[in-house]
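Student: my questions are about this predicted structure, shown below with the sequence.
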Amino acid sequence: MTTSPQLWSGRFSEPVSARVQRYTASIGFDYRLAEFDIQGSLAHARMLAHCHIISPTDLADIERGLADILHDIQAGRFEWKLELEDVHLNIEKSLTERVGDAGKRLHTGRSRNDQVATDIRLWLRHHIDLMLVGLRNMQRALAQQAEKHAAVLMPGHTHLQVAQPVTFGHHLLAYFEMFARDAERLADCRRRVNRLPLGAAALAGTSYPIDRDRVARELGFDSVCANSLDAVSDRDFAIEFCATASVIMTHFSRLSEELILWMNPRFGFIDLPDRFCTGSSIMPQKKNPDVPELMRGKTGRINGHLVSLLTLMKGQPLAYNKDNQEDKEPLFDTVDTVLDTLAIAAEMMSGLEIRPNAMHDALNQGHATATDLADYLVKKGLPFRDAHEAVARAVRLAETRHCTLSELPLPELQSFSDLIEHDVYGVLSLEGSAASRNHFGGTAPERVIVAAQRALQSLQ
Ligand code: ARG
């Protein structure tokens, strides 16, 4: 490959080697910022004209040229050149080719340092908004399934051992809450993304009489970055975004882990639609939950991107350093991965089939109402610790008999406490246990229906 002079080459006596050119260029990935780069340039040029820094004719030429370029990019006709290093220089060079000197005036009062910081913020804001829509779709899928299965009993686990009956709807709404907090985190992060760096120029600001507020308004930024050094150098908004993405993926990873377990025939609680699974090339009987496994796996890569950005930033002196060019690939991949995960998971959860009988059988094997029996004794006056001990002994007997607590005859139950009466069988039933947890946030089917409906309403 030949090298050709860069836009900034006037000071240099020799060109960079092809290898160095490839190493330093970002056009291979930052072309994705193009649309936002043009938006930023248009707002900058309009401000320059408004402030009489460039002429109205220059502005008209710039507007026409940039519109043309955008058109070519969208049509896939724009030729990105490696020797022009990045998206900013590619577009600027092409603008000058199209409109002459006006193109060369566009960069007045601006540097690529504040330009790129602006582009990333515009790009990220747009994608945060897409992600918020994706999160809502995921939450809707969960809440709809929760409403449908509000009364289906399943074992709730602690330590992955059967603990107490919960409803499947209640379990799904736990994830609804997690994703609701993720949406709050994203919206909060967006506030800090949505500040304008332009005007900071290279690092110290500019001597032209610019109007930063005007640019901010035109680009829909809430405010203007208050310190020029900070504006060009920090990427904490991207770090914060990646941290939020890591939490989102952690939630998906936990859900995936459960789907994988539930689909194992030893649980047999659910079936995933075939389109989210694959077979084995050697074992004809297999149906593997590939999609949830990949979601769990991709979480590692998203965590990696967060660590990349933190590490990228930690040793940098103020202000801009070329290190920051490395912020884009982790950020882009994080957005791509989370958006895909959100869309696929929402579809997968909508298509989920459940096996209530398997859930019920599993509950019957775990003495899931032992706590209810203890609470029954406490309500009749026994101190909780004594009740706990009495029930533990009853469970031991049921274990030796290979039966459930509710299958023990009354006289045998009474041998553990004379407070036990016939009404105990209501307490020992799985349905009774769930129904009794009838408070805000509890698993009683009545409550779960209301919670699912409230959840759906919150998405409107
Ligand atoms: N491609 C660069 C980046 O992504 C643009 C800013 C370059 N600035 C500079 N002074 N070399 O960060």
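Tutor: Now that the structure is in, tell me what you want to look at. Numbering: from 1, shown residues only.
Student: find the closest residue to the ligand in the stretch 301-450 of the chain.
Tutor: Per C-beta to the nearest ligand atom, residue 325 is where the stretch 301-450 of the chain lies closest to the ligand, at 3.6 Å. For glycine as for every other residue, the C-beta is placed from the backbone atoms N, C-alpha and C.
Student: tell me the contacts of that residue?
Tutor: Contact partners of residue 325, counting by C-beta atoms under 8 Å, 6 or more residues apart in numbering, are 26, 30, 86.
Student: what of residue 441?
Tutor: Counting by C-beta under 8 Å, 6+ apart, residue 441 has contacts 447, 451.
Student: which parts of the protein sit against the ligand?
Tutor: 26, 30, 86, 112, 113, 116, 322, 324, 325 (C-beta under 6 Å from any ligand atom).
Student: measure the fifth one to residue 205 for me?
Tutor: Using C-beta to C-beta, to the nearest Å, residue 113 is found at 12 Å from residue 205.
Student: ok, the two, which is more surrounded?
Tutor: The neighbour comparison of residue 113 against residue 205 (other C-beta atoms under 10 Å) goes to residue 113, with 21 against 17.
Student: please name the residues that touch that one.
Tutor: With C-beta under 8 Å, 6+ apart, residue 113 has these contacts: 200, 201, 202, 203, 232, 319, 320.
Student: what's the closest non-adjacent residue to the second one?
Tutor: Spelled out, that is residue 201. residue 111 (4.6 Å; C-beta to C-beta, 6 or more residues apart in numbering).
Student: got the phi and psi for the one you found?
Tutor: phi -130, psi 160 (degrees, to the nearest 10).
Student: kindly report the same for residue 158.
Tutor: With angles defined as degrees, to the nearest 10, residue 158 sits at phi -130, psi 140.
Student: for it, grab the count of nearby residues.
Tutor: By the measure other C-beta under 10 Å, the count of residues near residue 158 is 8.
Student: wait, what's in contact with it?
Tutor: Per C-beta under 8 Å, 6+ apart, neighbours of residue 158: none.
Student: for it, give its distance to the ligand.
Tutor: 48 Å (C-beta to the nearest ligand atom, to the nearest Å).
Student: who does that residue form a beta bridge with?
Tutor: Note on residue 158: beta-bridge partners residue 161, judged by DSSP bridges.
Student: ok, and the closest non-adjacent residue to the residue in the stretch 151-300 of the chain positioned nearest to the ligand?
Tutor: Going by C-beta to the nearest ligand atom, the ligand is nearest to residue 202 of the stretch 151-300 of the chain, at 7.0 Å. Spatial nearest neighbour of residue 202, excluding adjacent residues (C-beta to C-beta, 6+ apart): residue 111 at 3.9 Å.
Student: and that neighbour, what's its pLDDT?
Tutor: pLDDT recorded at residue 111 is 98.
Student: touching, it and residue 231? I think so.
Tutor: No - shown here, residue 111 and residue 231 do not form a contact pair, counting by C-beta atoms under 8 Å, at 10.7 Å.
Student: those two - which one has more neighbours?
Tutor: Counted by other C-beta under 10 Å, residue 111 and residue 231 do not tie: residue 231 has more neighbours, with 27 against 19.
Student: quick check, pLDDT for that one.
Tutor: 98.
Student: which helix or strand contains it?
Tutor: helix 228-233 (DSSP states H and E).
Student: which strands or helices does that helix pack on?
Tutor: Of the remaining helices and strands, those touching helix 228-233 by 3 or more C-beta pairs under 8 Å, 6 or more residues apart in numbering; DSSP states H and E are helix 112-148.
Student: and the contacts of residue 325, which of them are in helices?
Tutor: Residues of the contacts of residue 325 located in helices (DSSP state H): residue 30.
Student: for the contacts of residue 325, give me a markdown table that also has pLDDT and neighbour count.
Tutor: Output for those, formatted as a markdown table (pLDDT from 0 to 100; neighbours: other C-beta atoms under 10 Å):
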| residue | pLDDT | neighbour count |
| --- | --- | --- |
| 26 | 98 | 19 |
| 30 | 98 | 24 |
| 86 | 98 | 25 |
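Student: nearest to residue 209 among the contacts of residue 325?
Tutor: residue 86 (28.3 Å; C-beta to C-beta).
Student: which residues touch the closest one?
Tutor: Per C-beta under 8 Å, 6+ apart, neighbours of residue 86: 25, 26, 27, 30, 112, 116, 325.
Student: so which of the contacts of residue 325 is the closest to residue 342?
Tutor: Set against residue 342, the nearest of the contacts of residue 325 by C-beta to C-beta is residue 30 (24.3 Å).
Student: quick one: the strands in this protein?
Tutor: Under the criterion DSSP state E, the chain contains strands at 153-158, 161-167, 195-196, 223-224, 270-271, 353-354.
Student: most tightly packed of those?
Tutor: Comparing those by mean neighbour count (mean count of other C-beta atoms under 10 Å), strand 195-196 ranks first with a mean of 22.
Student: quick one: distance of that strand to the chain centre.
Tutor: 23 Å (C-alpha atoms, centre = their mean, to the nearest Å).
Student: same thing with stretch 129-145?
Tutor: Centre to centre, stretch against its chain (C-alpha atoms, centre = their mean), the figure for stretch 129-145 is 11 Å.
Student: repeat for stretch 382-389
Tutor: 45 Å.
Student: what does stretch 259-279 give?
Tutor: Using C-alpha atoms, centre = their mean, the offset of stretch 259-279 from its chain centre is 24 Å.
Student: quick one: contacts for the nearest residue to residue 287 once chain neighbours are set aside?
Tutor: Once flanking residues are discounted, residue 287 sits nearest to residue 277: 5.0 Å by C-beta to C-beta, 6+ apart. By C-beta under 8 Å, 6+ apart, the contact list for residue 277 reads 287, 288, 289, 290, 291.
Student: tell me the phi and psi of residue 277?
Tutor: The phi/psi pair for residue 277 (degrees, to the nearest 10) is phi -130, psi 170.
Student: how about the helix holding residue 231: buried residues?
Tutor: Buried positions in helix 228-233, judged by neighbour count with 16 or more other C-beta atoms under 10 Å: 228, 230, 231, 232, 233.
Student: same deal with stretch 409-429?
Tutor: Within stretch 409-429, the residues that count as buried by 16+ other C-beta under 10 Å are 413, 416, 417, 419, 420, 424, 427, 428.
Student: filter these down to the ones in helices?
Tutor: Judged by DSSP H, helices contain the following of those: 413, 424, 427, 428.
Student: among these, which two are most distant?
Tutor: Greatest spacing in these, by C-beta to C-beta: 413 and 427 (10.8 Å).
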